[in-house]
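> got a predicted structure plus its sequence, pasted below:
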Amino acid sequence: MAMSMAMSRSNLGRGIRLMSTSGWWKTVEPAPKDPILGVTEAFLADTDPSKVNVGVGAYRDDQGKPVVLQCVREAESRITGKEYMEYLPMGGSVKMVEESIKLAYGENADVLKDKRVAAVQALSGTGACRLFAEFQKRFRPDSQIYIPVPTWANHHNIWRDAHVPQRTFHYYHPETKGLDFASLMDDVKNAPNGSFFLLHACAHNPTGVDPTEEQWKEISYQFKVKNHYPFFDMAYQGFASGDTDRDAKAIRIFLEDGHQIACAQSFAKNMGLYGQRVGCLSVICDDAKQAVAVKSQLQMIARPMYSNPPVHGALLVSSILRDPDLKALWHKEVKVMADRIIGMREALRGNLEKLGSPLSWNHVTDQIGMFCYSGMTPEQVDRLTSEFHIYMTRNGRIRCYDRQC
């Protein structure tokens with residue numbers, strides 16, 4: 001009897017094990033290719049020796065090699081063996097955050113003096129956007145976000161995964177290859193009062209088209225009229241014009257007009273810290289007490305996501321920005337990169353014109369930043385890839401920072 005029961009339990013156990021070894025993930029389908037990272041995957045899989053990738057979003061030298069800034073190398077030498085690798089607080093490195101918000105808002109900004117800025121270290125610009133999207137959903141659950149057309153593809157993923165409804169507003173004019181300012185302003189005026197808008201602070205990705213200073217002032221004024229909330233994504237400060245203050249001009253205009261804004265910062269491009277994933281999210285508040293509360297909530301959002309941010313990149317950024325000599329060297333190096341990109345744009349336009357193209361290529365030099373929005377159609381991009389092994393995103397965005405472009 002006992003043996004029979006044991007055998008039954010054994011058979012039952014085997015049956016349970018057999019049932020539990022299959023079928024858990026049978027409904028999972030392969031994810032669609034990322035429109036940006038998928039380009040690099042296809043490029044790497046191509047065995048043609050003449051292949052060229054003009055879509056990658058990381059700065060390269062003339063040989064197509066990654067660049068490590070001298071200020072970064074010097075900062076590394078200073079911290080190596082001298083810093084512990086303990087956990088950072090949930091809000092990250094206080095020193096790095098303090099320097100980041102000075103860079104964004106200005107050394108002597110009143111919002112800093114009044115301690116009205118709630119800020120935390122984030123996992124580069126992507127992480128900063130993701131934290132804010134979650135914060136928006138949690139504390140403004142009935143709100144939506146207006147996103148420019150076009151925008152960086154991952155913006156849509158970020159607010160989608162935070163379950164924030166998305167709307168769009170006009171930005172780029174395909175015929176002029178410039179800013180569709182009239183339609184943009186119409187959309188700002190027609191959006192419900194108190195709407196959230198995502199704005200690129202400088203070097204709009206993917207178009208490289210930025211409003212002029214006067215246009216930013218008009219946008220800021222209309223935001224005040226409509227009580228809209230501006231969220232700035234600033235991934236290219238210093239990398240666009242070579243001047244960090246000039247590239248933050250849109251943010252400074254909104255500050256001067258009394259807006260409460262939020263800002264996502266990244267040090268991937270302007271310090272070449274792509275793999276360190278170091279950035280900052282800041283939110284301007286009514287007063288110091290509110291800033292403390294907002295920061296505590298941002299930290300609580302980060303806690304179940306990644307607990308606390310990595311330390312090494314934060315040490316590099318704080319070392320560079322807190323040391324006058326390293327900071328001066330960084331300003332010099334970031335200007336060299338920006339000027340080189342501007343020079344590449346001029347060379348690209350000049351070569352196209354010398355080849356006798358009947359088209360206007362003014363937009364190549366009118367746009368700014370590391371990308372040129374060429375105006376090519378997806379079908380034209382597909383032909384370049386299939387026939388000539390030239391890889392780029394299907395929206396026609398190409399990089400402008402090495403001779404391959």
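The structure has been received and is ready for your questions.
> can you pull out the strands in the protein?
Assigned by DSSP state E, the strands in the chain fall at 52-53, 117-122, 145-149, 166-170, 172-173, 178-179, 196-200, 229-234, 262-266, 279-284, 371-373, 390-391, 397-399.
> those: which one's closest to Ala314?
strand 117-122 (5.8 Å; CB to CB). All C-beta spots, glycine's among them, are computed from the backbone N, C-alpha and C.
> residues in contact with the closest one?
Defining contact as CB atoms under 8 Å, 6 or more residues apart in numbering, one finds that strand 117-122 is touched by 88, 90-93, 96-97, 100-101, 105, 111, 128, 130-131, 264, 278-285, 290-295, 298-299, 302, 309, 314.
> any chance of the strands of the chain in JSON lines, with mean neighbour count, mean pLDDT and distance to Glu214 too?
Compiled in JSON lines, the strands of the chain are given as follows (neighbours: other CB atoms under 10 Å; pLDDT from 0 to 100; distance: least, CB to CB, whole Å):
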{"stretch": "strand 52-53", "mean neighbour count": "18", "mean pLDDT": "89", "distance to Glu214": "38"}
{"stretch": "strand 117-122", "mean neighbour count": "28", "mean pLDDT": "98", "distance to Glu214": "27"}
{"stretch": "strand 145-149", "mean neighbour count": "21", "mean pLDDT": "98", "distance to Glu214": "19"}
{"stretch": "strand 166-170", "mean neighbour count": "16", "mean pLDDT": "98", "distance to Glu214": "19"}
{"stretch": "strand 172-173", "mean neighbour count": "18", "mean pLDDT": "96", "distance to Glu214": "18"}
{"stretch": "strand 178-179", "mean neighbour count": "18", "mean pLDDT": "96", "distance to Glu214": "12"}
{"stretch": "strand 196-200", "mean neighbour count": "23", "mean pLDDT": "98", "distance to Glu214": "16"}
{"stretch": "strand 229-234", "mean neighbour count": "22", "mean pLDDT": "98", "distance to Glu214": "17"}
{"stretch": "strand 262-266", "mean neighbour count": "27", "mean pLDDT": "98", "distance to Glu214": "22"}
{"stretch": "strand 279-284", "mean neighbour count": "28", "mean pLDDT": "98", "distance to Glu214": "24"}
{"stretch": "strand 371-373", "mean neighbour count": "26", "mean pLDDT": "86", "distance to Glu214": "22"}
{"stretch": "strand 390-391", "mean neighbour count": "21", "mean pLDDT": "93", "distance to Glu214": "38"}
{"stretch": "strand 397-399", "mean neighbour count": "24", "mean pLDDT": "85", "distance to Glu214": "27"}
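> so where do the helices sit in the stretch 101-250 of the chain?
Ranges of helices within the stretch 101-250 of the chain are 110-113, 124-139, 153-161, 181-190, 213-226, 244-247, 249-256, based on DSSP state H, counting those that start in this stretch.
> mind giving me TSV with the strands of the chain and columns for distance to Gly343?
What follows is the strands of the chain, written out as TSV (distance: least, CB to CB, whole Å):
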stretch	distance to Gly343
strand 52-53	20
strand 117-122	32
strand 145-149	28
strand 166-170	31
strand 172-173	24
strand 178-179	21
strand 196-200	23
strand 229-234	24
strand 262-266	24
strand 279-284	28
strand 371-373	13
strand 390-391	22
strand 397-399	14
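> quick one: closest of these to Glu218.
Across the strands of the chain, closest to Glu218 is strand 178-179 (CB to CB), at 11.7 Å.
> parallel or antiparallel, which strands does the closest one pair with?
strand 172-173 (antiparallel) (DSSP bridges).
> got a list of contacts for the partner strand?
By CB under 8 Å, 6+ apart, strand 172-173 touches Pro148, Val149, Pro150, Gly178, Leu179, Asp180, Ser183, Thr207, Val209, Tyr373.
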